[in-house]
Structures are given as structure tokens and as C-alpha cells.
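J.: I need the structure of the sequence given here:
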Amino acid sequence: MDDIDFELLGLFAADDVNKRTELVVDQKKLIHYCSADTALKIIKNREIWLRNVRVMNDYMEVNHGFNLIRKSLQPPVDTAIETGMNEVKKALNVIHPGIADDAMSRFQHWSPLIQNETYVTCLSEHLDDENEDGRLSMWRNYSSGQAGVGIVINTSMFARTDDALGVYSSPVTYLSDQGLENSLTQVAQRIRGRASFLSTVPRETLLGHFFLLLRTIAHCSKHPGFKEEREWRIFHTLGLDELKILKLTTESLGGIPQRILKLPLDGTIEGLSVADLVDKILVGPSQYQGVIGMALADELDRAGKKGAYQSIWSSPIPLRT
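T.: A predicted model of the protein is given here:
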């Protein structure tokens, strides 16, 4: 990513840039809540899986972003989102006439793949006051009938500005229709404020960033009622994005055969290894916390994690499981 692309990100995705900078500069952590069985497989196999959004627990919430886009593309009446989107389109069309409609047409062309062949893995912001206990709502999700684990992740990899991994990341936004209108209006204002600079940017580059804005709204928007999740998504759309180091395979999970994209955590890419990424592991409420913790520590040690046995913490939350 060159300087022009980075500046364009600041115009089209200022919240993303600000959150990403805060994440990396302040050395904040993310956490991947999952079952203890899944955590063991991630560490032992040195890989994390991206699954199709259609098999996610909150599939209808994945559709939330698409529904927001639809309100600007095919509104039955004037809507708040349509108003905000029109402001962005007008600002862009002044710079390159017709560019906004071309981006919208491209998005509609790719929509079937974006909606049906996008693969994700989900992380959550890990706050300081959750460092010992974890988050109760997550333990309720992952400790019902099984043992839950939280893998705390170092975030230096989120500073990467290339696409060598084949995956992209973004914080999830929790916006109402009015909230999205306000966000889009701010994008339009930034575009107008940098119109002189943007007139020097190649048309295709500018179109690509508007397309990415639409795609991010579709991929990474959830209902405001879920905002306590503070989610980040790592995603790839099969057929649209290059696989790069991702491996496409098939697995049967819960009796459902499905495609899986596997992201290697074996150090093939510098910094992308279990030893580098894992800060520590929180073992959720369970009568088997000690047993689970020791098994995960053994695998962390085999993966080359320094201080593996000191990296396992047991959450003291007294949750009935």
C-alpha cells in the first residue's frame, strides 16, 4: 500500500484507520473466543479457519450490512441511508463524472459472491478490565455444554499494509440507519475537502476505494444492539480476492460438509505464527480448567511459545456450566 492508498483510506475509512492505529500504537489486544477443542486445533495445527458467513451463529446479523446497502440502492422511499450515500456519490461525481454509479454497478455485480462466498473469523477487543476474567457474555456463549477458551492475540500484524495474506480485517461498526447516514455524510465532507488532491488520483484507484467502502459496510456492520461485542472480522471473499497463503479445503462440522479457508500460523509470513501471535490463553469456567490449561500449555510450548506454562490463566468467574 503506497502513500496515496493510505491517504484514501483516511478519507473513506477514517474510523477504521483510527481504531487500527489505536490498536497497534497502544499495543492493545484482541481475543478469539472459541471452544477448548477449537483452541487446541488452532495451536496444534498452526492454523486458524475462516468459515462461510452462511454457517455463522448470527447469519441474520451478517445480512444487516447488506440490508443497509439495499436501502441506498433500492429504497421504497427516501431513507436516511440513501441521503448519506447520495452525498458521497455527488462528491465523487464532481471529481470523476459517473464514477459512483460505476462503483455501485461493480458492487451489485459482485454481491452474490460477497454475500454467499465470504469467509470470516471473528475476534473481539480485549479490555484491560477483562484481562483476568474475560467477558461474561462470551463465556455464556462458549461454555454452554462445553469448555470455553479465549486466545488473547498480539495485534502487531494489524499494522500490515500489504495483501500478502489474502485476508483483510476491519472493526465491526454498530450503526443505526441515522448513524450510517452521519458516517456517510462525513465521508462526503472529507472528499469535498480533498477534491483537489483526489482529482490527481487515477479513476480506477478512487473507484476501488469507494467499492471497498461499500464492501466493508456489507461485511462489517451489525445492529447497534450487539455493540458490547466490540468485534473485529478477518475476511476473504472467494472468487473476488486472491487466495495468497490461504488454503481452500473441505471439512464436515456438526454434520455439515462445507468449504473452509485455512490461514497458516506457521511462521511462513514473519510474525504470523502461534508463538508470535498468542499473548496468553484464558480458560473459561469449567470443572476441567486445570486439565485444559495444561494441555494447551503443552501445545503452546511445542509451538515455540516462550513462557508457555505462564501464559495460561483460568477465569475465576463462577459461571454455571
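
J.: Going by C-alpha atoms from here, please, whenever you check contacts or count neighbours.
T.: OK.

J.: before we move on, which element is the closest residue to Phe66 other than its chain neighbours in?
T.: In this structure, Phe66 finds its nearest non-sequential neighbour in Ala218, 4.7 Å apart by C-alpha to C-alpha, 6 or more residues apart in numbering. In the assignment (DSSP states H and E), Ala218 maps to helix 203-219.

J.: Give me the number of neighbouring residues for the residue nearest to Phe66.
T.: 22 (other C-alpha atoms under 10 Å).

J.: Looking at it now. What's its pLDDT?
T.: Ala218 carries a pLDDT value of 91.

J.: Quick check: mean pLDDT of stretch 32-47?
T.: When pLDDT is averaged along stretch 32-47, the result is 96.

J.: actually stretch 261-269, not the one I wrote
T.: 96.

J.: Pull the distance from the helix or strand harbouring Cys122 to the chain's centre.
T.: For Cys122, the enclosing helix or strand under DSSP H and E is strand 118-126. Distance of strand 118-126 from the chain centroid (C-alpha atoms, centre = their mean, to the nearest Å) equals 5 Å.

J.: got the contact list for the helix or strand following that strand?
T.: Counting by DSSP H and E, the next helix or strand C-terminal to strand 118-126 is helix 136-142. Contact with helix 136-142 is made by 33-35, 148-149, 284-285, 317, 319, as judged by C-alpha atoms under 8 Å, 6 or more residues apart in numbering.

J.: Provide a ChimeraX selection command restricted to the buried entries of those residues.
T.: In ChimeraX syntax, the buried subset of the contacts of helix 136-142 is picked out as below (16 or more other C-alpha atoms under 10 Å):
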select :33,34,35,148,149,284,285
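
J.: Helix or strand with the lowest mean pLDDT in this structure?
T.: Sorted by mean pLDDT, DSSP states H and E, the helices and strands of the chain end with helix 59-73, the least confident at a mean of 77.

J.: how many degrees apart are that one and helix 203-219 in direction?
T.: On the basis of axes from the mean of the first three to the mean of the last three C-alpha atoms, to 10 degrees, helix 59-73 is oriented at 130 degrees to helix 203-219.

J.: which of the residues in the helix or strand following helix 59-73 are buried?
T.: Per DSSP H and E, the first helix or strand lying C-terminal to helix 59-73 is helix 80-95. By 16+ other C-alpha under 10 Å, the buried positions in helix 80-95 come out as 80-92, 95.

J.: now swap in stretch 175-190 and tell me
T.: Within stretch 175-190, the residues that qualify as buried are 175-177, 179-190, counting by 16+ other C-alpha under 10 Å.

J.: taking these one by one, which sit in strands?
T.: The members of the buried residues of stretch 175-190 all map outside strands under DSSP state E.

J.: Identify the farthest-apart pair in those residues.
T.: Greatest spatial distance among the buried residues of stretch 175-190 (C-alpha to C-alpha): Ser176 and Arg190, at 21.2 Å.

J.: that older thread, residue contacts, the residue nearest to Phe66?
T.: Residues near Ala218 by C-alpha under 8 Å, 6+ apart: 62-69.

J.: per-residue pLDDT, Asp78?
T.: For Asp78, the model assigns a pLDDT of 68.

J.: Relative to Gly225, how far out is His64?
T.: 12 Å (C-alpha to C-alpha, to the nearest Å).

J.: to the chain's geometric centre, what's the distance from stretch 289-297?
T.: On C-alpha atoms, centre = their mean, the centre of stretch 289-297 falls 28 Å from the chain's centre.

J.: What mean pLDDT does that stretch get?
T.: So the average pLDDT for stretch 289-297 ends up being 97.

J.: buried set for it?
T.: Of the residues in stretch 289-297, 289, 292-293, 296-297 count as buried by neighbour count, 16+ other C-alpha under 10 Å.

J.: Identify, from the residues you listed, the entry nearest to Ile114.
T.: Of these, the one sitting nearest to Ile114 (C-alpha to C-alpha) turns out to be Leu296, at 35.3 Å.

J.: if I pick the closest one, what's in contact with it?
T.: 39-40, 43, 312.

J.: Okay, it and Thr121: tell me how far apart.
T.: According to C-alpha to C-alpha, Leu296 stands 20 Å off from Thr121.

J.: same check, this time on Thr237
T.: Distance of Thr237 to Thr121, given as C-alpha to C-alpha: 12 Å.
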